[in-house]
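Enquirer: Model the following, please.
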Amino acid sequence: MEPTLEEQKELKKELAKFKRKVVELAGEVHDIVEDRIWTDYVNLPKLSEDINSAMKEVLDFQELHPYLK
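Expert: As a prediction, this is how the structure comes out:
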């Protein structure tokens, strides 16, 4: 059964939160690469893992709600 328009609106907001987390983490990687690579490169592996986990959340959520893709 398809969710109501109101439910879809709430689900889109939830998806946006998941996506924002991925973008924020990617922004941290960008800042390190562009400005602080020589001092903060050690943070890249952890950030990569965090991005992978956050992206999995997005993909899993989209899998549950394919109409949001």
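Enquirer: to the chain's geometric centre, what's the distance from the host helix or strand of residue 50?
Expert: Secondary structure assigned from DSSP states H and E places residue 50 in helix 44-64. Helix 44-64 sits 6 Å away from the centroid of its parent chain (Cα atoms, centre = their mean, to the nearest Å).
Enquirer: Show me what that helix is packed against.
Expert: Contacts defined by 3 or more Cβ pairs under 8 Å, 6 or more residues apart in numbering; DSSP states H and E place helix 44-64 against helix 5-31. C-beta: built from backbone N, CA, C; applies to glycine.
Enquirer: Give me the mean pLDDT for the helix it packs on.
Expert: Per-residue pLDDT over helix 5-31 has a mean of 96.
Enquirer: by how many degrees do that helix and helix 44-64 diverge?
Expert: 160 degrees (axes from the mean of the first three to the mean of the last three Cα atoms, to 10 degrees).
Enquirer: list the buried ones in helix 5-31?
Expert: Buried positions in helix 5-31, judged by neighbour count with 16 or more other Cβ atoms under 10 Å: 11, 15, 18, 19, 21, 22, 25.
Enquirer: Test my guess that residue 3 contacts residue 11.
Expert: Yes. Counting by Cβ atoms under 8 Å, residue 3 touches residue 11, with 6.5 Å between them.
Enquirer: shared neighbours of those two, which are they?
Expert: residue 65 (Cβ atoms under 8 Å, 6 or more residues apart in numbering).
Enquirer: mind listing what residue 54 touches?
Expert: 18, 21, 22, 25.
Enquirer: Distance to residue 66 added to those, as CSV?
Expert: Converted to CSV, the contacts of residue 54 look like this (distance: Cβ to Cβ, whole Å):
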residue, distance to residue 66
18, 15
21, 21
22, 19
25, 25
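Enquirer: Just give me the closest of these to residue 38.
Expert: Closest approach to residue 38 among the contacts of residue 54 (Cβ to Cβ): residue 25, at 20.7 Å.
Enquirer: Starting from residue 4, give me the distance back to the closest one.
Expert: Using Cβ to Cβ, to the nearest Å, we find residue 25 at a distance of 32 Å from residue 4.
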